[in-house]
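Enquirer: pasting the structure only:
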């Protein structure tokens, strides 16, 4: 009798273990099927993005927009598609439409610092400097060690004439990347706005010594010399700008300024 009871217990344990094994196997199969379905959906969407991206990369923006809008009807909350549409619209010059799509993207991925900086660039081009600063503050919040975000925030606040606040972000950016010419240029621009013209000139000279290929630096220091009524030095740096960066978008403007200065 004792042996029979022992066999029953052993068989019962075997049955329970087998059932558990079957249950685990079933869960694994269901999980695999679910994963395959998700991958299939993702892959399909990714191929949609790739097709639209080909048009985008070739700068066929109208075709890219048409393609990505069709894809968005199938996947309206896909962040890759929304972001691609935003970039297409931005490159088409449809800034207000682009901003709406960027904001939709941020609803899904609010901590994307690159996109936050991209949005700030649009507001900068619209001369809405405080709005640009609003997005850059979010970028700094999510990426406090980003020298680019801190530098750009400094610049936007300086453009908005909030110099005291601006200079704090320039100082942070310089701490993160000492000796970075574009940050030193931003610091100089802010100092000039505060009326500290000699300090600004020192920073501009440092920026030029680090990277003498940046035409904007020469324009900035020349502008400060004009504020100091030192016309000859201003002319010198404007002329150096034309030598250093003859294809710069401001060449025509600076040539006209030089002509006016030399006539006085």
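Expert: On my side now, so go ahead. Treat the numbers as computed from the prediction; the structure is a model and nothing was measured.
Enquirer: Please make it C-alpha for all contacts and neighbour counts, starting now.
Expert: Will do.
Enquirer: so how many other residues sit close to residue 155?
Expert: Residues near residue 155, counting by other Cα atoms under 10 Å, number 27.
Enquirer: now residue 242
Expert: For residue 242, the count of nearby residues is 19 (other Cα under 10 Å).
Enquirer: pLDDT score assigned to the closest residue in space to it that isn't next to it in sequence?
Expert: Leaving aside its chain neighbours, residue 242 sits nearest to residue 251 (6.6 Å; criterion: Cα to Cα, 6 or more residues apart in numbering). You'll see residue 251 listed with a pLDDT of 96.
Enquirer: next one: residue 2
Expert: 49.
Enquirer: Would you agree residue 81 is in contact with residue 70?
Expert: No: using Cα atoms under 8 Å as the test, residue 81 is too far from residue 70 to be in contact (10.1 Å).
Enquirer: Looking at those two, which one has more neighbours?
Expert: Legend: neighbour count by other Cα under 10 Å for residue 81 and residue 70, higher for residue 81 (25 against 13).
Enquirer: any idea of the pLDDT on the more buried one?
Expert: Residue 81 carries a pLDDT score of 94 in this model.
Enquirer: how close does it get to residue 105?
Expert: With the distance defined as Cα to Cα, to the nearest Å, residue 81 ends up 9 Å from residue 105.
Enquirer: for residue 87, same thing?
Expert: 11 Å.
Enquirer: Okay, residue 90 and residue 177: tell me how far apart.
Expert: Look at residue 90 and residue 177: by Cα to Cα, they are 30 Å apart.
Enquirer: coming back round to it: can you count the residues close to the residue nearest to residue 242?
Expert: Close neighbours of residue 251, defined as other Cα under 10 Å, add up to 16.
Enquirer: Can you tell me which residue sits nearest the middle of the protein?
Expert: Centroid-nearest residue in the chain, with Cα atoms, centre = their mean: residue 114, separated by 2.7 Å.
Enquirer: Which strand or helix spans it?
Expert: Using DSSP states H and E, the element containing residue 114 is helix 113-125.
Enquirer: Now that helix: buried residues?
Expert: 113, 115, 116, 117, 118, 119, 120, 121, 122, 123, 124 (16 or more other Cα atoms under 10 Å).
Enquirer: repeat for stretch 171-188
Expert: Within stretch 171-188, judged by 16+ other Cα under 10 Å, the buried ones are 171-174, 176-177, 180-188.
Enquirer: again with stretch 73-90
Expert: Within stretch 73-90, the residues scored as buried using 16+ other Cα under 10 Å are 75, 78-79, 81-90.
Enquirer: Stretch 92-107 now?
Expert: Those would be 95, 98, 99, 101, 102, 103, 104, 105, 106, for stretch 92-107 by 16+ other Cα under 10 Å.
Enquirer: now for the residues you listed, which pair is the farthest apart?
Expert: Greatest spacing in these, by Cα to Cα: 95 and 106 (16.2 Å).
Enquirer: residues touching residue 220, list them.
Expert: Residue 220 sits next to 189, 204 when contact means Cα atoms under 8 Å, 6 or more residues apart in numbering.
Enquirer: so which of the buried residues of helix 113-125 would you say is closest to residue 158?
Expert: Closest approach between the buried residues of helix 113-125 and residue 158, by Cα to Cα: residue 124, at 11.9 Å.
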